[in-house]
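**Student:** got a structure for you, letters missing:
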């Protein structure tokens, strides 16, 4: 069957993402594919918003969840811990590496909850060590950290944030490295501008560091800016600046963690060791709502030796069925070497999924509308422009990326369209984040269909 583009439909009881179109009814998933109710098949080239890393329809993960639900479906963390929570936390800290030895994990139901928890933990740490005046959270423009009000307050996505600004306390933000549209107009391919971006944070902390509790950052930008990889030296420099001023670092790895960039966590690419690390999405690969906050020994010790409790809690914190899914996903990531599979620049030039995606996506640069192809591992973006030489974005009302996504949908390929990368309003890109089990043949086919979808939209005009 040939997939059809979603169109407007009568309103239903289920609150949709948009009332302007109808959505196909997903019926099943297997491997890199999803099927709708009529039987149309779609290759999930976006990993369902960079969520699915191990593939759809893994029966062993489903069995682990069912067995846990039959044995113990829920126990509130104010009354019990579980063997599963203790074991999975230990395994996750081990997966994260030496920097988190002696730390602790706080489990949540997703990324926004995890970011909220991390922000509160960062504030409480400062209170515990006698720095109660520190309450500000510095973040970066054009970053995205979640939909809840605290996470939105430190985000830089104009479209998702603007309406709610009267409801939140906002803090200072610094520029985010964006090589394609570098603020410093680098002539060296942004080889040396990392220090200049880091200097912006250092200068801010020099003025208001005594008021600042933490600095939150995405190691590689997510949906809002689209897989923008920082210049060499940048993350190390901002980490050092925070350490000098007594400011905690919070790495938001909701999208980049659990192997997505070809490392267990993206900060490993730059040998950076955050005080707090947030992960979600890939931690359960979509099989259950799950997120986690990993805190270092320094942070945990401050609470344990101080007040003795985190002043924060969630009803479904460390939900047993969700943890069963996460533990089964982590076991599969390890057993099948999926972190290595995601590596786009493996030693010896191995033909990994990450390397294949990187190679195939370069073909798209030939299109007149494609200004930039960027990313690493299995997290990539394709940015569209109306004019390559000037990097002029398409007018926002043309919805260029959304039209490409719709054309790709017709061809059986799922991608993640976004707007606003250029200035918060204009600037179109697609985010691409397929599961690590994707084959070379599937990658080539998906990129070919995406290429044809771009041609369709280019030919259709404004």
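**Tutor:** Yep, it's here. Fair warning: this is a prediction, and the values are worked out from it, not measured in the lab. Residues are numbered from 1 along each chain as shown.

**Student:** so is residue 289 in a helix, a strand, or just coil?
**Tutor:** Secondary structure, DSSP: H, G, I helix; E, B strand; the rest coil: residue 289 is coil.

**Student:** now the one 3 residues further on
**Tutor:** The three-state assignment at residue 292 reads strand, by three-state DSSP.

**Student:** Please look at it and residue 279 and confirm they touch.
**Tutor:** Yes: in terms of C-beta atoms under 8 Å, residue 292 counts as a neighbour of residue 279; the distance is 5.3 Å. Bear in mind the C-beta positions are built from the backbone N, C-alpha and C, glycine included.

**Student:** quick one: common contacting residues for those two?
**Tutor:** Counting by C-beta atoms under 8 Å, 6 or more residues apart in numbering, the shared contacts of residue 292 and residue 279 are residue 114.

**Student:** any idea of the mean pLDDT in stretch 33-49?
**Tutor:** Computed over stretch 33-49, the mean pLDDT rounds to 98.

**Student:** Flag every buried residue along that stretch.
**Tutor:** By 16 or more other C-beta atoms under 10 Å, the buried positions in stretch 33-49 come out as 33-36, 40, 42-49.

**Student:** what residues does it touch?
**Tutor:** 1-4, 24-29, 32, 52-53, 56, 223, 281, 286, 378, 408-409, 412-416, 430-435, 442, 445-446, 449-450.

**Student:** quick revisit: would you list the buried residues of stretch 33-49 in JSON lines and tack on secondary structure?
**Tutor:** Shown next, in JSON lines, are these (three-state DSSP):
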{"residue": "33", "secondary structure": "strand"}
{"residue": "34", "secondary structure": "strand"}
{"residue": "35", "secondary structure": "strand"}
{"residue": "36", "secondary structure": "strand"}
{"residue": "40", "secondary structure": "coil"}
{"residue": "42", "secondary structure": "strand"}
{"residue": "43", "secondary structure": "strand"}
{"residue": "44", "secondary structure": "strand"}
{"residue": "45", "secondary structure": "coil"}
{"residue": "46", "secondary structure": "coil"}
{"residue": "47", "secondary structure": "helix"}
{"residue": "48", "secondary structure": "helix"}
{"residue": "49", "secondary structure": "helix"}
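
**Student:** Unless I misread the structure, residue 273 falls within a strand.
**Tutor:** No: applying three-state DSSP, one finds residue 273 to be coil, outside a strand.

**Student:** any weak-confidence spans in the protein?
**Tutor:** Counting by pLDDT under 70, the chain has low-confidence residues at 1-9, 462.

**Student:** tell me the domain ranges of it?
**Tutor:** What automatic domain parsing lists as the domains of the chain is 26-54+340-460, 62-335.

**Student:** mind checking how far the residue nearest the centre of the chain is from residue 358?
**Tutor:** Centroid-nearest residue in the chain, with C-alpha atoms, centre = their mean: residue 255, separated by 1.8 Å. From residue 255 across to residue 358, the span is 18 Å (C-beta to C-beta, to the nearest Å).

**Student:** same thing with residue 272?
**Tutor:** Distance of residue 272 to residue 358, computed by C-beta to C-beta: 23 Å.

**Student:** what's the closest non-adjacent residue to residue 82?
**Tutor:** residue 320 (5.6 Å; C-beta to C-beta, 6 or more residues apart in numbering).

**Student:** got the contact list for that neighbour?
**Tutor:** Contacts of residue 320 (C-beta under 8 Å, 6+ apart): 68-69, 72-75, 82, 84-85.

**Student:** Kindly recompute the last result at 6 Å.
**Tutor:** 68, 72, 82, 84 (C-beta atoms under 6 Å, 6 or more residues apart in numbering).

**Student:** One more: residue 405?
**Tutor:** With C-beta under 6 Å, 6+ apart, residue 405 has these contacts: 415, 417.

**Student:** My reading is that it lies in a helix. Confirm?
**Tutor:** Yes: assignment of residue 405 by three-state DSSP places it within a helix.

**Student:** And for the longest helix along the chain, what's in contact with it?
**Tutor:** Of all the elements of type helix in the chain, the one with the most residues (DSSP state H) is helix 440-460. For helix 440-460, contacts defined as C-beta under 6 Å, 6+ apart pick out 32, 43, 45, 356-357, 360, 367, 369, 403-404, 407-408, 411, 413.

**Student:** give me phi/psi at residue 105?
**Tutor:** With angles defined as degrees, to the nearest 10, residue 105 sits at phi -120, psi 130.

**Student:** Next: residue 81.
**Tutor:** phi -110, psi 180.
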